[in-house]
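**Student:** Predicted coordinates and the sequence they were generated for:
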Amino acid sequence: MESKIEVLSTVKLQHSPELYKIVDALNRTLKQKDLMFGLALDQEDQSKAVFTIYRT
């Protein structure tokens, strides 16, 4: 079975140490809707975070 992940949206925002809690809650709540959420530091500006929404 092949799994395809589609990026639905990406946004950059000010990094906060607790952003991961929102991403964790979204992933736990919306997993059954085939949605996945990611959070990473911006490669060019470590004070920014990149939040991405995926469809799995």
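**Tutor:** Arrived safely.
**Student:** Residue 25: neighbour count?
**Tutor:** Residue neighbour count, defined by other Cβ atoms under 10 Å, stands at 11 for residue 25. C-beta: built from backbone N, CA, C; applies to glycine.
**Student:** likewise residue 49?
**Tutor:** By other Cβ under 10 Å, neighbour count at residue 49 equals 19.
**Student:** Residues touching the helix or strand it falls within, excluding its own?
**Tutor:** Per DSSP states H and E: residue 49 is located in strand 48-55. Residues outside strand 48-55 that contact it (Cβ atoms under 8 Å, 6 or more residues apart in numbering): 5-16, 19, 23, 34-42.
**Student:** what's the average pLDDT for that strand?
**Tutor:** Averaged across strand 48-55, pLDDT comes to 98.
**Student:** Check which residues of that strand are buried.
**Tutor:** 49, 50, 51, 53 (16 or more other Cβ atoms under 10 Å).
**Student:** any chance of those in CSV, plus distance to residue 29?
**Tutor:** CSV is the format used below for the buried residues of strand 48-55 (distance: Cβ to Cβ, whole Å):
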residue, distance to residue 29
49, 20
50, 21
51, 16
53, 13
